[in-house]
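In: below are the sequence and a predicted model; questions follow.
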Amino acid sequence: MISNQLSFNLSYLLFIQSENAAELETALDLALEAGYRHFDTAFAYQNEETFGKVLKRWFDAGKVKREDLFIVTKVNSLLVKEGLMRWA
């Protein structure tokens, strides 16, 4: 149950996973056009490269600004090596 004191809109959280890059690009373009601004990516989802490609196209076209987006990603702890990551 979500408290009435906490207000957010889940329609702006989007997770897209597809092994087909063209399908993922289309889905992301449609989501951005529909107003989605919160995206969930991860190395494990294999969607980060395609997200980057599509977002760069939108940034370059002036359709959206980076500061208008909330992008979540995760670090695979098995890939973390000493000295390669700085803790926030």
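Out: Yep, it's here. The structure displayed is predicted, hence computed values, not measured ones.

In: which stretches of this structure form helices?
Out: Assigned by DSSP state H, the chain shows helices spanning 21-34, 48-60.

In: and the gap between the residue nearest to the spatial centre of the chain and L78?
Out: By C-alpha atoms, centre = their mean, the chain has its centre lying nearest to F39, at 3.2 Å. Counting by C-beta to C-beta, to the nearest Å, the separation of F39 from L78 is 23 Å. To be clear about C-beta, it is placed using only N, CA and C from the backbone, and glycine gets the same treatment.

In: R37 now?
Out: In terms of C-beta to C-beta, R37 sits 30 Å off from L78.

In: quick one, which of the two is more surrounded?
Out: Just comparing R37 and L78: by other C-beta atoms under 10 Å the higher neighbour count belongs to R37, 15 against 7.

In: give me the distance between the more buried one and A22.
Out: Taking C-beta to C-beta, one finds R37 at 23 Å from A22.

In: repeat that for D60.
Out: Distance from D60 to A22, by C-beta to C-beta: 19 Å.

In: same thing with A34?
Out: 19 Å.

In: same question for F59.
Out: 20 Å.

In: quick one: pLDDT of S7?
Out: pLDDT recorded at S7 is 43.

In: got it, and R57?
Out: pLDDT at R57 comes out at 97.

In: same check, this time on the one 4 residues further on
Out: What the model reports as pLDDT for A61 is 98.

In: just the one 5 residues further on next, same as before
Out: The confidence metric pLDDT takes the value 93 at R66.

In: can you tell me which residues contact it?
Out: R66 sits next to L55, F59 when contact means C-beta atoms under 8 Å, 6 or more residues apart in numbering.
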